[in-house]
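In: sequence and predicted structure are below.
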Amino acid sequence: MTSLFDMMDEWGPEKIVTVSDAKTGMKGVLVIDNTARGMGKGGTRMQPGVTVEEISRLARVMTWKWAGVDLFFGGAKAGIRADPNSPHKEAILRSFVRALSNEVPSEYVFGLDMGLTENDAAIIIDELGDRGAAVGTPYDLGGVPYDQLGITGYGVAEVADEAAATIGLQGQRVAIQGFGAVGHATAARLHELGYSIVSISTAEGALHDPAGLDIPRLLAMRARLGDGLVKEFPELAIPAGTELFVDAEIAVPAALQDVIHAANVGRISAKLVVEGANLPTNAAAQEALRAASVTVVPDFVANAGGVVSAAFAMESRYSPFRPETEQIFTTVSHKLRTNTAIVLAEAEKLDSTTHHAARSLAQCRVRRAMELRGKPLQY
């Protein structure tokens, strides 16, 4: 097990709070990484295998993501080690929220990540009796329903289109891992933009059609069948986990982290990888992709649509007015397309991976904020 002290560097984490409750079996962690540019903000996930190290990594991604889109919040993330399908989910969630009442909402505001839904955000608000305790709440409670609107996936698609235009791949074939909150919205927007989606996957399997999948039909079936939609097309089924490695010019990992690594990166046929999920590639894979002249748009650039919309939601938590949906989508498109162009140009200038270039830009902004608050000691 990695020591908590070994996780600390010049950027953070500033605070790690672990909590548990014997009555419900709840075990959870909150990591506030860096607040030089604003209070900690990031999603909360509920998964059986959640670890402190995983949440710390994700909190750091949030630090770079907020700085990358130049919005004034800091990196943070929370995790609950539990099955999101448990019949005791609500009791576990309420226990977790109560345990963090000293930090929420003064230091951290709950958001949605894997395993949590808009209804869960409403439960968080109910438990603390504070409308400002969470964002991503249902529309009927005045929230910005990210999953329902598909804002993150929309942003991923806008980024993919911008990068594709830069390297001459507009309208080409796209392989997508995932068809959940991010993946399905990415597929929908790319289909609108004229791309051919040749593969998708859910927790129950994967589909592939070299001629292009019928995305409108799959979207309609997802609304009725959820992940089980893939079972309706046995003739298109491929082994789960191979959906990113089919013939396609663009690959979008939009589900799990660490899915492209040194052992399988050579199977990627795409010339553009757009990271819709958090941390889907590791450093070795990133270097290998660069060596193979594959353009990669990093996660904290590609999937930052969620943080842009979260910023709108943060501002409106105590307002009687909902943010205008059209303004959110317009801002997401503009900010993410602009950032994509900047990062690709910076990577070429530095002759580095796009991850290095994007982090360098974000780090400059965070370091400047840290210096303005008082010159840091040399770490």
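Out: Yes, it's here. Numbering: from 1, shown residues only.
In: and the helices in the stretch 201-350 of the chain?
Out: 215-225, 283-291, 299-302, 305-316, 325-350 (DSSP state H, counting those that start in this stretch).
In: average pLDDT across the second one?
Out: I take that to be helix 283-291. Mean pLDDT, helix 283-291: 95.
In: which strands and helices sit next to it?
Out: Under the contact criterion of 3 or more CB pairs under 8 Å, 6 or more residues apart in numbering; DSSP states H and E, helix 283-291 touches strand 295-297, helix 354-372. Any C-beta I mention is one placed from the backbone N, CA and C, and that applies to glycine too.
In: let me see the ranges of the strands in the chain.
Out: Counting by DSSP state E, one finds strands in the chain at the ranges 15-21, 26-34, 40-41, 44-47, 74-81, 108-109, 173-177, 196-202, 205-208, 237-238, 250-253, 272-274, 295-297.
In: by contact count, what packs against the third one?
Out: Applying 3+ CB pairs under 8 Å, 6+ apart, one finds that strand 40-41 makes contact with helix 52-68, strand 74-81, strand 108-109, helix 305-316.
In: show me what the first one is packed against.
Out: Which is helix 52-68. Counting contacts by 3+ CB pairs under 8 Å, 6+ apart, helix 52-68 packs against strand 15-21, strand 26-34, strand 40-41, strand 74-81, helix 299-302, helix 305-316, helix 354-372.
In: between those, which one is nearest to Y154?
Out: Among those, helix 305-316 comes nearest to Y154, with 6.0 Å by CB to CB.
In: quick one, that closest one and helix 325-350 angle?
Out: 130 degrees (axes from the mean of the first three to the mean of the last three CA atoms, to 10 degrees).
In: ok and helix 305-316 relative to helix 52-68, angle-wise?
Out: Using the same axes, to 10 degrees: helix 305-316 against helix 52-68 is 80 degrees.
In: same for helix 305-316, what does it pack against?
Out: Packed next to helix 305-316, using 3+ CB pairs under 8 Å, 6+ apart, are strand 40-41, helix 52-68, helix 146-149, helix 151-167, helix 325-350.
In: could you check it and say which residues are buried?
Out: Neighbour counts over helix 305-316 (16 or more other CB atoms under 10 Å) mark G305, G306, V307, V308, S309, A310, A311, F312, A313, M314, S316 as buried.
In: what does stretch 284-299 give?
Out: Buried residues in stretch 284-299 (16+ other CB under 10 Å): A285, Q286, E287, A288, L289, R290, V294, T295, V296, V297, P298, D299.
In: in the helix-or-strand element of the chain with minimal mean pLDDT, what counts as buried?
Out: Lowest on mean pLDDT, DSSP states H and E among the helices and strands of the chain sits helix 146-149, with a mean of 79. Under the neighbour-count criterion of 16+ other CB under 10 Å, helix 146-149 has Y146, D147, L149 buried.
In: tabulate the residues you listed in CSV, adding columns for distance to G49.
Out: What follows is the buried residues of helix 146-149, written out as CSV (distance: CB to CB, whole Å):
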residue, distance to G49
Y146, 24
D147, 22
L149, 29
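In: hmm, who's touching stretch 223-240?
Out: The contact list for stretch 223-240, computed with CB atoms under 8 Å, 6 or more residues apart in numbering, reads 179-180, 199-209, 213, 218, 221-222, 246.
In: equivalent analysis for stretch 71-78, please.
Out: 12, 28-45, 55-56, 58-66, 96, 100, 108, 110, 113, 307-308, 311, 314.
In: give me the mean pLDDT for it.
Out: pLDDT averaged over stretch 71-78 gives 96.
In: ok, back up a step: okay, the strands of the chain in CSV with distance to F329 next?
Out: Putting these into CSV (distance: least, CB to CB, whole Å) gives the following:
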stretch, distance to F329
strand 15-21, 34
strand 26-34, 28
strand 40-41, 20
strand 44-47, 24
strand 74-81, 25
strand 108-109, 22
strand 173-177, 20
strand 196-202, 20
strand 205-208, 28
strand 237-238, 33
strand 250-253, 19
strand 272-274, 18
strand 295-297, 19
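In: so which of those is the most packed in?
Out: Highest mean neighbour count of those: strand 250-253, a mean of 31 (counted as mean count of other CB atoms under 10 Å).
In: helices or strands next to that strand in the packing?
Out: helix 151-167, strand 173-177, strand 272-274.
In: quick one, which of these is nearest to P323?
Out: helix 151-167 (11.0 Å).
In: give the other helices and strands that that closest one contacts.
Out: Short answer (3+ CB pairs under 8 Å, 6+ apart): helix 151-167 packs on helix 183-192, strand 250-253, strand 272-274, strand 295-297, helix 299-302, helix 305-316, helix 325-350.
In: go again using 6 Å as the cut-off
Out: helix 183-192, strand 272-274, strand 295-297, helix 305-316, helix 325-350 (3 or more CB pairs under 6 Å, 6 or more residues apart in numbering; DSSP states H and E).
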